[in-house]
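Peer 1: Let's see this in three dimensions:
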Amino acid sequence: MNAMILNFLMVEGYQEAAVKFIEEARLETPAGLEKVGERVEIQNAIHRGDVRSAIEKINELNPELLDTQPAVHFMLLRLELIERMRTMMSSPNADVMPVLEFATIHLAPRAPKNVAFMEDLESAMALLCFSSNNVVPALKPLLDLSLRKTVASHVNEAILESQGLVQESKIKTLLRLWGWSQKKLRQDADFPAFDFTGTD
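Peer 2: Here you go, the predicted model:
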């Protein structure tokens, strides 16, 4: 049980709580604990839209990660492009050239290598055709702040994988398994449901 709790604290990024738990439970300090704070800093940078800072921190943490994870790298670059567009769209007289230059230098060379990359870049560039208050419904998700959370989650998974750690805490895995088992039971019997909000 102690190992499961510690795993949860580390995977979810609760470094201080993990340190205290190790002391109180008298456990050995696991490998990778010192990296938890750096991973949290990267997540926080993405959540506030500071993608450039996040990329710099990722390269400091693991210089090879983005080279070996092209999909994650492209995802980050497209988010930075969108953040630049968000800033531009909030100013009526903003210059579009810096946005075009960024897309040309950082995204355009990568897009032809992958059909999904090309589609993602095209949809992002389509935002230039609209002002912030008349974006078509199909493109609105790109400006939703939840996109930052999605990208941060993918980056977190990539970092955990590069460090040889599981991408999801064992507690969350057990809750997902319980949810699946509960659904199966309720198909054949009257079984009370339990709501594990926030485990998706």
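Peer 1: From now on I want contacts and neighbour counts done on CA atoms only, so please keep to that.
Peer 2: OK.
Peer 1: Which residue, other than its chain neighbours, is closest to the most centrally placed residue in the chain?
Peer 2: Computing the C-alpha centroid of the chain and ranking residues by C-alpha atoms, centre = their mean puts residue 152 first, at 1.8 Å. Nearest non-adjacent residue to residue 152, counting by C-alpha to C-alpha, 6 or more residues apart in numbering: residue 43, 5.5 Å away.
Peer 1: what about the one you found, how many neighbours?
Peer 2: 23 (other C-alpha atoms under 10 Å).
Peer 1: cool, and the one 10 residues further on?
Peer 2: Residues lying near residue 53 (other C-alpha under 10 Å) number 14.
Peer 1: One more: the one 4 residues further on?
Peer 2: Taking other C-alpha under 10 Å as the neighbour definition, residue 57 ends up with a count of 17.
Peer 1: how close does it sit to residue 41?
Peer 2: According to C-alpha to C-alpha, to the nearest Å, residue 57 and residue 41 sit 8 Å apart.
Peer 1: hang on, the earlier thing: mind listing what's buried along the one helix or strand the residue nearest to residue 152 maps to?
Peer 2: Applying DSSP states H and E as the criterion places residue 43 in helix 36-47. When burial is assessed from 16 or more other C-alpha atoms under 10 Å, helix 36-47 yields the following buried residues: 36, 38-47.
Peer 1: hmm, who's touching that helix?
Peer 2: With C-alpha atoms under 8 Å, 6 or more residues apart in numbering as the test, helix 36-47 has contacts from 10-11, 13-15, 51, 53-55, 57-58, 61, 148-149, 151-153, 155-156, 159.
Peer 1: Could you point out the helix or strand that follows that helix?
Peer 2: Scanning forward in sequence from helix 36-47 by DSSP H and E, the next helix or strand is helix 51-61.
Peer 1: which residues sit against that next one?
Peer 2: Applying C-alpha under 8 Å, 6+ apart, the contact partners of helix 51-61 are 38, 41-43, 45-46, 65-66, 76-77, 79-80.
Peer 1: Give me the distance from it to the chain's centre.
Peer 2: Its chain's average C-alpha position is 13 Å from that of helix 51-61, according to C-alpha atoms, centre = their mean, to the nearest Å.
Peer 1: in that helix, what's buried?
Peer 2: Within helix 51-61, the residues that qualify as buried by neighbour count (16+ other C-alpha under 10 Å) are 51, 54-55, 57-58.
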